[in-house]
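# please find the sequence and the predicted model below.
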Amino acid sequence: MSGDAAITDEKERETMRAIVQREFGESEVLRIEEATLPIPAEGEVRVRVAAAGVHAVDLDIRRDAALPSMPRPTLPMTPGREIAGVVDAVGPGVDADLIGARVVAHVGFRSGGYAEFALSAASALHVIDDGVAFSQAVATIGTGRTAQLVWDAAQIRPTDVVVVPGASGGLGSQMVQLALSEGATVVALHGGPAKRAVVEHLDLGEKHARGRLVPLDANDESWPDRMGELLDGKQPSVLLDGVGGGTARAALESLGRGGRVVIIGWSSGEILRLDTDDIVQGSLSVTVPLGRAVADLRALEARALAALADGRTSPPVDEYGLEDAAAAHDAIAQRRQRGKIVLVPQPR
Ligand SMILES: NC(=O)c1ccc[n+]([C@@H]2O[C@H](COP(=O)([O-])OP(=O)(O)OC[C@H]3O[C@@H](n4cnc5c(N)ncnc54)[C@H](OP(=O)(O)O)[C@@H]3O)[C@@H](O)[C@H]2O)c1
């Protein structure tokens, strides 16, 4: 069946709560407002948002400091590019049987996710099983697809020893779990004792995590020595880095000959520094999947969601109320995240 007009189970409703950003700036520009309920256009659906992902890039967009390759948003805007929830209305040309489906989508730079309701192209939806939590689905749709991209670049094998800085973060946690599921030894670096519990919980037990998890506090500068002791002198073979700075540099220097380095970001503010001497002396291979055109993003999303559904990943999520979007941004800026930060609008 195809809808030729928006169909909703809440015909009387015209407004919703949404985070509206009217100026660029610090987190206080994220304010909750009563906004107009969006109406799906042709090829679109409206989703009652159960979980909206908060991404480090959202902070850059908020400050008007996103990479030049990203479109500059028009204000006012509602941030949020990752949503999970239930379809509550469809636009013309969309199968009305979708109403009521549990879905997750990356809506891209159209944004709008930090709200009780958000629009998505129907073609961007993935239907998710009842057993999959909305928060984990939304933690997977964007960050999980990036983890799959890293995965393709890294080609992890059971014999690998993989170092992951920022293992308590959204991307780091999923890279750790994928590498463990492959049977690799994973040195999961975290910033300070408070984040150790998050990293320890990345071990999903024997059924899904065949590898060995070695959590280490990267704030203790002797971590490379401690790693050497715990691994009986075996050197790491892979570095998956989204953090950069001194921690990533120390990890690079710990790699054995022929090591593989995948650079995916620089949460510390400083990208991993390395030069051709490092590469030649270590026979390193260095891959930067960031910024490349990806032929089939949807396939990466499907693979990430399959890993979630079959238990190879179970991303830790740190939930905030919709009205606490500014606090959620501050938590990322102040390095207080414990897994993927997700906004959970409360039903009213
Ligand atoms: N998520 C994606 O889809 C995606 C896509 C492309 C690129 N990236 C890039 O990959 C990197 C990680 O992304 P993410 O989504 O995992 O971010 P995240 O959830 O904010 O996690 C980043 C982690 O980096 C660590 N970190 C170390 N030094 C830091 C510092 N000075 N400031 C902030 N964090 C610091 C923190 O862990 P500790 O405090 O435990 O060290 C934190 O958990 C970012 O650079 C991001 O731009 C991500």
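Okay, I see it. Everything quoted here is computed from the prediction, not taken from an experiment.
# got the contact list for Pro315?
Residues near Pro315 by Cβ atoms under 8 Å, 6 or more residues apart in numbering: Gln136, Ala139, Thr140, Thr143, Gly144, Gly170, Ser173, Gln174, Gln177, Leu308, Gly339, Lys340. Where you see a C-beta, it was placed from the backbone N, CA and C, and this is true even at glycine.
# out of those, which are close to the ligand?
Thr143, Gly170 (Cβ under 6 Å from any ligand atom).
# just the buried subset of the contacts of Pro315, please.
Gln136, Ala139, Thr140, Thr143, Gly144, Gly170, Ser173, Gln174, Gln177, Leu308, Gly339, Lys340 (16 or more other Cβ atoms under 10 Å).
# quick check, Gln281 in a strand?
No - counting by DSSP: H, G, I helix; E, B strand; the rest coil, Gln281 is located in no strand; its state is helix.
# that one and the ligand, how far apart?
Plainly put, Gln281 is 26 Å away from the ligand if you go by Cβ to the nearest ligand atom, to the nearest Å.
# now do Gly265
Distance from Gly265 to the ligand, by Cβ to the nearest ligand atom: 2 Å.
# now do the SS call for Thr159.
coil.
# oh, I was asking about Pro40
From three-state DSSP, the assignment for Pro40 is coil.
# what sits against the closest residue to it other than its chain neighbours?
Excluding the flanking residues, the one nearest Pro40 by Cβ to Cβ, 6 or more residues apart in numbering is Gly91, at 3.5 Å. Taking Cβ under 8 Å, 6+ apart, we find Gly91 in contact with Gly3, Ala6, Ile39, Pro40, Ala41, Glu42, Gly43, Glu44, Val45, Ala122.
# any idea what the residue lying closest to the last one once chain neighbours are set aside is bridged to?
If you skip the residues right next to it in sequence, Ala122 has Val94 as its closest partner in space, 4.6 Å away by Cβ to Cβ, 6+ apart. Taking DSSP bridges, one finds Gly3 as the beta-bridge partners of Val94.
# which non-adjacent residue is nearest Ala167?
Ala167 sits nearest to Ala188 (Cβ to Cβ, 6+ apart), 3.5 Å away.
# doesn't that neighbour lie inside a strand?
Yes - Ala188: assigned to a strand according to three-state DSSP.
# for the ligand, see how far away it is.
9 Å.
# what sits against that residue?
By Cβ under 8 Å, 6+ apart, the contact list for Ala188 reads Val164, Ala167, Gly172, Val176, Val199, Leu202, Leu213, Val214, Pro215, Leu216.
# ok, so of those residues, who is nearest Asp129?
Ranked by distance to Asp129 (Cβ to Cβ), these are led by Leu202 at 22.4 Å.
# one step back: just the buried ones among the contacts of Pro315: which are in strands?
Among those, the residues falling in strands (DSSP state E) are Lys340.
# out of the contacts of Ala188, who's nearest the ligand?
Nearest to the ligand among the contacts of Ala188 is Gly172, at 5.3 Å by Cβ to the nearest ligand atom.
# count of neighbours near the closest one?
Look at Gly172: counted by other Cβ atoms under 10 Å, it has 29 neighbours.
# so what's it closest to, chain neighbours aside?
Gly166 (4.0 Å).
# give me the neighbour count for the one you found.
30.
# got a list of what it touches?
Each residue near Gly166 by Cβ under 8 Å, 6+ apart is listed here: Gly172, Leu189, His190, Gly191, Gly242, Val243, Ser267.
# in the stretch 101-250 of the chain, which spans are strands?
102-106, 117-121, 126-127, 161-164, 185-190, 212-217, 238-241 (DSSP state E, counting those that start in this stretch).
# could you point out which of these sits nearest Glu23?
Of all the strands of the stretch 101-250 of the chain, strand 117-121 sits nearest to Glu23, with 21.5 Å by Cβ to Cβ.
# so what touches the closest one?
Applying Cβ under 8 Å, 6+ apart, the external contacts of strand 117-121 come out as 16, 37-38, 40-41, 43-49, 52, 78, 80, 83, 85, 88, 103, 105, 107, 110, 112.
# need the contact list for Leu98.
Applying Cβ under 8 Å, 6+ apart to Leu98 gives the contacts Val45, Val87, Val90, Ala122, Leu125.
# which residue is the nearest non-sequential neighbour of the last one?
Excluding its sequence neighbours, the residue lying closest to Leu125 (Cβ to Cβ, 6+ apart) is Val103, at 4.5 Å.
# before we move on, the earlier item: export the strands of the stretch 101-250 of the chain to TSV and tack on distance to Ala299 and mean pLDDT?
Converted to TSV, the strands of the stretch 101-250 of the chain look like this (distance: least, Cβ to Cβ, whole Å; pLDDT from 0 to 100):
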stretch	distance to Ala299	mean pLDDT
strand 102-106	13	98
strand 117-121	17	98
strand 126-127	11	98
strand 161-164	24	98
strand 185-190	25	98
strand 212-217	28	97
strand 238-241	21	98
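# and Tyr320, bridged to which residues?
When bridges are called by DSSP bridges, Tyr320 pairs up with Leu343.
# and it, how many residues sit next to it?
Per other Cβ under 10 Å, the neighbour tally for Tyr320 reads 18.
# how about Asp203?
Residues contacting Asp203 under the criterion other Cβ under 10 Å number 18.
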